[in-house]
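> Give me a model of this one.
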Amino acid sequence: YSLQKTVDVFFFPHKDYHVQKIHLVRPFLDSLGIKFLVVDFSMHYRDEGVTNTCKKLNIPTIGYSNFVLSNFRPKAIAVFNDWDPIVKSIVLAARKSGIHTIGIVEGIQDYSDADTKQNREAYQTVETLLLPGEFDKKYFIQSNQDVSVAGLPRIYELYHSQRKEDILPRLGNSKVALINSNFSYGVLEDYRDFWLERAVEACKRANYTIIISRHPADKGELYNEYVQTNSFFELLPKADVLISRFATGILEALAMDVMPIYFNPHSEKVDKFTDTMQAYPKADTTEALCDILNNLEEHYIKHRPNFEIFLSNHCGDLNVNPSKKIASVIVDRIKNSNGNVEFFKKNLDNIDRVSGVFNNLTKLREWNNSNRDLISLNYDDVFEDLKLKMYQKEYEESLELVEMMYSFANSSSSISSNVLSTLELSLHQLIRTNS
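Below you'll find the predicted structure:
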């Protein structure tokens, strides 16, 4: 019980590399005396390596159910994805309870959903938002959030510890192209083979040794003879060039002195890598890609001086440790935290009951939307007020209250059906009583 009183921050990671980021931030949190736990909700979401990575890195965890049922008193909730229905519901509950919410953008992001065919409102639910670089700020100009640049710990670590001294001696002999196949999570997956065929063809024409790195969530089966089981980070140092679409791998290549080529024959719309800042070449046809590969040394000499310029714009100040910056922001935000933990737990309990313990994501999305629409109207409080009025036999005022609530709820297409049904039943009962 004493431990439960001392934990200040709870992280909600979705993926293994989110945990790796927490691992990099951990020493700075420890030095500042901040205790934290990772809430592992893999059984409610899906297994993307959180459990195993936490064990491997010896990061303390707690299951979601234990988190809800415990006496922990969080001062802040930190997330890496605030649009997933599960975490979004937790963030909304925390905000309504006065518990600070922090979003950490890990890697690249299609903020405006140019290619996702979704409307995620990515990173618009948290109060404090830590962005990778100055480039990302343009998407939050109209936001009332507390937005700042923190950088990317992964890129910082690569830039300072794994940079090559010189790749030029390798060029002109046995040249190796690493093709990054990263079509996953339903985004532009129909273009996977189209893209890969053109990338491989260009490499063959230019006489490159081909290595394909396939994202864990990429379900492609083409060119399995070139696919390596090693991780992307293990393969990248072996390559003379990286060929990639929209992916964090481009930033990682720049950090490791491997020249990337942004290859976009499928006309993806996200603008992250369209402005190259002269840091790398880009191509949209097999012929253009082949031409770059045939003149790789020339392109490397031309673009290499701008690697750091591009990284600084997209990954923050390369002389400032992002992990330290993230830790300092967390500490600053929880200084005056005065959240109503009981109210928070009550909200989580409501989510449990309405959504079926996260097993019905359709209902959970409905819950989230209703909370977003009615952020200032807490039905539990109003229902308590209603019960008191009925107990005191103030039926006329009760009827006015329910009519107001029902009218408000009925006008929203996203309102929870449970709330609407309860209001409708109360309305009919009061009408009969008053009559």
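> Just give me the neighbour total for the closest residue to Leu29 other than its chain neighbours.
Leaving aside its chain neighbours, Leu29 sits nearest to Ala327 (5.0 Å; criterion: CB to CB, 6 or more residues apart in numbering). Quick note: C-beta positions are derived from backbone N, CA and C, even for glycine. A count of nearby residues for Ala327, using other CB atoms under 10 Å, gives 24.
> How about the contacts made by Ala327?
Val25, Phe28, Leu29, Ser31, Leu32, Ile34 (CB atoms under 8 Å, 6 or more residues apart in numbering).
> For the second one, what is the enclosing helix or strand?
When elements are assigned from DSSP states H and E, Phe28 belongs to helix 16-31.
> quick one: which of the contacts of Ala327 is nearest Asn313?
The shortest approach to Asn313 among the contacts of Ala327 belongs to Val25, at 22.6 Å (CB to CB).
> Ser65: what secondary structure?
Using DSSP: H, G, I helix; E, B strand; the rest coil, the secondary structure recorded for Ser65 is helix.
> Quick one, grab the pLDDT at it.
Looking at Ser65, its pLDDT reads 80.
> what is Asp146 paired to in the beta sheet?
Thr128 (DSSP bridges).
> contacting residues around it?
Counted by CB under 8 Å, 6+ apart, Asp146 has contacts Glu127, Thr128, Leu129, Arg333.
> Could I get the buried residue list for stretch 104-120?
By 16 or more other CB atoms under 10 Å, the buried positions in stretch 104-120 come out as Ile104, Val105, Glu106, Gly107, Ile108, Gln109, Asp110, Tyr111, Asp113, Asp115, Arg120.
> Repeat that for stretch 180-200.
Quick answer for stretch 180-200 (16+ other CB under 10 Å): 180-184, 187-188, 191-192, 195-196, 198-200.
> tell me the least confident of these?
Ranked by pLDDT, those bottom out at Ser184, which scores 88.
> So that one, which state does it fall into?
coil.
> measure it to Ala247 for me?
To Ala247, Ser184 is 10 Å away according to CB to CB, to the nearest Å.
> Show me where the stretch 201-350 of the chain dips below the pLDDT cut-off.
By pLDDT under 70, the stretch 201-350 of the chain has no low-scoring segment.
> For it, which segments count as helices?
With DSSP state H, counting those that start in this stretch as the criterion, the stretch 201-350 of the chain has helices at 232-235, 249-255, 286-294, 296-303, 307-315, 322-334, 341-355.
> Need those helices in JSON lines (columns: distance to Glu157).
Shown next, in JSON lines, are those (distance: least, CB to CB, whole Å):
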{"stretch": "helix 232-235", "distance to Glu157": "11"}
{"stretch": "helix 249-255", "distance to Glu157": "9"}
{"stretch": "helix 286-294", "distance to Glu157": "29"}
{"stretch": "helix 296-303", "distance to Glu157": "23"}
{"stretch": "helix 307-315", "distance to Glu157": "11"}
{"stretch": "helix 322-334", "distance to Glu157": "9"}
{"stretch": "helix 341-355", "distance to Glu157": "34"}
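> Tell me which of those sits most buried.
The highest average neighbour count among the helices of the stretch 201-350 of the chain, using mean count of other CB atoms under 10 Å, belongs to helix 249-255 at a mean of 25.
> by contact count, what packs against that helix?
helix 153-161, helix 232-235, strand 241-244, strand 259-263, helix 307-315 (3 or more CB pairs under 8 Å, 6 or more residues apart in numbering; DSSP states H and E).
> Nearest to Asp218 among those would be which one?
helix 232-235 (11.3 Å).
> Next, check the buried residues of stretch 180-200 against the helices and list the overlap.
Of the buried residues of stretch 180-200, the ones assigned to helices by DSSP state H are Arg192, Trp195, Leu196, Arg198, Ala199, Val200.
> what's near enough to touch the last one?
So that's Val200. Contacts of Val200 by CB under 8 Å, 6+ apart are Ile179, Ile210, Ile212, Tyr223, Tyr226.
> State the distance from it to Asn81.
Taking CB to CB, one finds Val200 at 32 Å from Asn81.
> for the residue nearest to Ile108 when sequence neighbours are not counted, what are its contacts?
Using CB to CB, 6+ apart and skipping the chain neighbours, the partner closest in space to Ile108 is Thr248 (5.1 Å). Residues in contact with Thr248 (CB under 8 Å, 6+ apart) are Gly107, Ile108, Arg154.
> returning to what we had before: redo the buried residues of stretch 180-200 as a markdown table? Include distance to Leu311.
Formatted as a markdown table, the buried residues of stretch 180-200 follow (distance: CB to CB, whole Å):
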| residue | distance to Leu311 |
| --- | --- |
| Asn180 | 18 |
| Ser181 | 23 |
| Asn182 | 19 |
| Phe183 | 25 |
| Ser184 | 24 |
| Val187 | 24 |
| Leu188 | 25 |
| Tyr191 | 27 |
| Arg192 | 28 |
| Trp195 | 25 |
| Leu196 | 27 |
| Arg198 | 27 |
| Ala199 | 24 |
| Val200 | 28 |
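> From those, pick the one nearest Glu234.
Distances from Glu234 to these, taken as CB to CB, are shortest for Asn180 (13.3 Å).
> Now for the closest residue to the closest one other than its chain neighbours: which residues touch it?
Among residues not flanking Asn180 along the chain, Ser244 sits closest, at 3.9 Å (CB to CB, 6+ apart). Ser244 sits next to Ile179, Asn180, Asn182, Ile250, Ala253, Pro260, Ile261, Tyr262, Phe263 when contact means CB under 8 Å, 6+ apart.
> right, and the second one touches Glu252 too?
No: shown here, Asn180 and Glu252 do not form a contact pair, counting by CB atoms under 8 Å, at 9.6 Å.
> Need the residues touching each of the two.
Phe232.
> Which of the helices of the stretch 201-350 of the chain sits closest to Lys96?
With CB to CB, the closest approach to Lys96 among these belongs to helix 341-355: 6.0 Å.
> Any chance of a markdown table for the buried residues of stretch 104-120, columns pLDDT and distance to Asn338?
Formatted as a markdown table, those follow (pLDDT from 0 to 100; distance: CB to CB, whole Å):
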| residue | pLDDT | distance to Asn338 |
| --- | --- | --- |
| Ile104 | 98 | 23 |
| Val105 | 97 | 27 |
| Glu106 | 89 | 29 |
| Gly107 | 91 | 33 |
| Ile108 | 95 | 35 |
| Gln109 | 95 | 31 |
| Asp110 | 96 | 36 |
| Tyr111 | 96 | 31 |
| Asp113 | 95 | 35 |
| Asp115 | 96 | 41 |
| Arg120 | 92 | 31 |
